[in-house]
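Trainee: the following comprises the amino acid sequence and a computationally predicted model.
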Amino acid sequence: MYIIEFENIDVGYDEKIILKDLNLKIKEKEHFAILGSNGSGKSTLMKLIQSQIHPRHTKEFKKEIFGKSRYSIFELREELGVITNDLHNHFEKEAGYLSGFEVVLSGHYSSIGIFTHQDFTNEQIKKAKDVMEFLEIEDLRYKKVSAMSTGQLRKCIVGRALIHNPKAFILDEPTVGLDIKAQMNFIKMLKKLSKNSTIILVTHHLEEIFEEIKKVALIYNNTIYKIGNKEDILTSENLSKIFDTNLTIKEKNERYFIEEIL
Ligand SMILES: Nc1ncnc2c1ncn2[C@@H]1O[C@H](COP(=O)(O)OP(=O)(O)OP(=O)(O)O)[C@@H](O)[C@H]1O
């Protein structure tokens with residue numbers, strides 16, 4: 001089954017087209033990394049996937065998610081785990097009073113906070129506990145968001161998304177603000193999630209493209225410039241082009257890193 005099937009899509013804001021002639025197909029369990037320079041349109045693509053913005057109707061296009069062209073936002077929220085910095089900031093600003101457990105529990109209603117009208121069944125409470133155990137974040141159970149580090153809150157937000165066992169996770173630069181150890185720890189957690197869900201990772205860091213991610217898409221010049229197997233796409237030539245700089249890439253044990261920027 002396809003998680004995403006986009007053909008010939010133009011999308012943008014107001015009068016401005018940000019991505020044009022977009023073609024993107026992602027199959028279930030086909031983990032993807034998406035790279036592109038600042039402002040190239042990566043977050044715009046993530047918003048398109050989440051149906052926060054919509055294709056232009058000026059030409060024929062196909063936009064299917066989980067095999068459907070129409071779905072309710074609630075359905076989509078359950079099938080798609082979304083981790084963005086926007087969401088992180090909302091929790092930080094508006095929900096400092098929540099405990100780690102409550103952040104995870106709020107996934108049942110996809111809300112930012114726990115409200116008096118929300119009832120939780122024993123099953124829902126158990127699910128939140130199980131998710132925290134799976135992610136090895138039980139130590140954050142009583143810790144308040146206001147007292148959490150960036151990495152701790154980020155993991156609770158992943159737990160919140162995991163409540164519905166989503167078919168896919170989209171993660172938009174999920175390691176921003178994490179120190180090196182927390183970053184590697186977070187990537188380990190993504191590896192674990194990749195066993196059951198499709199991972200779509202937007203990142204600026206080549207070293208985050210873990211072994212299970214076999215496919216890469218590069219965004220450049222207002223469209224998907226290259227897409228395919230990572231060994232074919234993550235070349236010095238391609239990355240020099242999209243980042244408009246002269247760099248060399250090295251690969252070791254299926255992980256990639258920048259060797260030199262000239
Ligand atoms: N809400 C908006 N209204 C108008 N223009 C927008 C809006 N959001 C983004 N843009 C513009 O769309 C373009 C692509 O932005 P986008 O955030 O998708 O890039 P990005 O690749 O995610 O960048 P970064 O790596 O800096 O996060 C930019 O020119 C940006 O100014």
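Mentor: The structure has been received and is ready for your questions.
Trainee: got a pLDDT number for the residue nearest to Gly96 when sequence neighbours are not counted?
Mentor: Nearest-residue entry for Gly96: Ser146, 3.4 Å, with adjacent residues in sequence omitted and distances by Cβ to Cβ, 6 or more residues apart in numbering. Any C-beta I mention is one placed from the backbone N, CA and C, and that applies to glycine too. At Ser146 the predicted local distance difference test score is 97.
Trainee: separation between the residue in the stretch 51-200 of the chain that the ligand sits nearest to and Leu87?
Mentor: Closest approach of the stretch 51-200 of the chain to the ligand (Cβ to the nearest ligand atom) occurs at Glu173, with a separation of 6.6 Å. Going from Glu173 to Leu87 by Cβ to Cβ, to the nearest Å gives 12 Å.
Trainee: show the residue spans covered by the strands in this structure.
Mentor: Read by DSSP state E, the chain holds these strands, from start to end of the chain: 2-13, 16-27, 32-36, 62-65, 80-83, 168-172, 198-202, 215-220, 223-229, 247-252, 255-261.
Trainee: for the second one, which strands pair with it and how are they oriented?
Mentor: Its sheet considered, strand 16-27 pairs with strand 2-13 (antiparallel) by DSSP bridges.
Trainee: who in the chain is up against the ligand?
Mentor: Those residues of the chain that sit near the ligand, judged by Cβ under 6 Å from any ligand atom, are Tyr13, Ile18, Gly36, Asn38, Gly39, Ser40, Gly41, Lys42, Ser43, Thr44.
Trainee: pipe those residues into a markdown table and attach pLDDT and neighbour count per row.
Mentor: What follows is those, written out as a markdown table (pLDDT from 0 to 100; neighbours: other Cβ atoms under 10 Å):
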| residue | pLDDT | neighbour count |
| --- | --- | --- |
| Tyr13 | 95 | 10 |
| Ile18 | 97 | 21 |
| Gly36 | 96 | 21 |
| Asn38 | 95 | 7 |
| Gly39 | 95 | 9 |
| Ser40 | 96 | 22 |
| Gly41 | 96 | 25 |
| Lys42 | 95 | 21 |
| Ser43 | 94 | 18 |
| Thr44 | 96 | 20 |
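Trainee: so who does Asp172 touch?
Mentor: Asp172 makes contact with Lys42, Ser43, Met46, Ile83, Thr84, Asn85, Val202, according to Cβ atoms under 8 Å, 6 or more residues apart in numbering.
Trainee: measure how buried the residue nearest to Gly96 is and give me the count.
Mentor: Burial of Ser146 is recorded as 11 neighbouring residues (other Cβ atoms under 10 Å).
Trainee: picking that back up, between the residues of the chain next to the ligand, which sits nearest Asn196?
Mentor: Distances from Asn196 to the residues of the chain next to the ligand, taken as Cβ to Cβ, are shortest for Lys42 (24.5 Å).
Trainee: need the contact list for the closest one.
Mentor: Lys42 makes contact with Ile34, Leu35, Gly36, Asp172, Val202, Ile219 under the criterion Cβ under 8 Å, 6+ apart.
Trainee: surely the first one touches Glu208?
Mentor: No: the pair Ile34 and Glu208 fails to qualify as a contact (Cβ atoms under 8 Å) at a distance of 11.6 Å.
Trainee: any shared contact partners between the two?
Mentor: Leu201.
Trainee: higher neighbour count, the two?
Mentor: Comparing Ile34 with Glu208 by neighbour count (other Cβ under 10 Å), the higher total belongs to Ile34, at 24 against 21.
Trainee: need the contact list for that one.
Mentor: By Cβ under 8 Å, 6+ apart, the residues touching Ile34 are Lys42, Leu45, Ile200, Leu201, Val202, Thr203, Val216, Ala217, Leu218, Ile219.
Trainee: now, which of those residues sits nearest the ligand?
Mentor: The ligand lies nearest to Lys42 out of the contacts of Ile34, by Cβ to the nearest ligand atom, at 3.6 Å.
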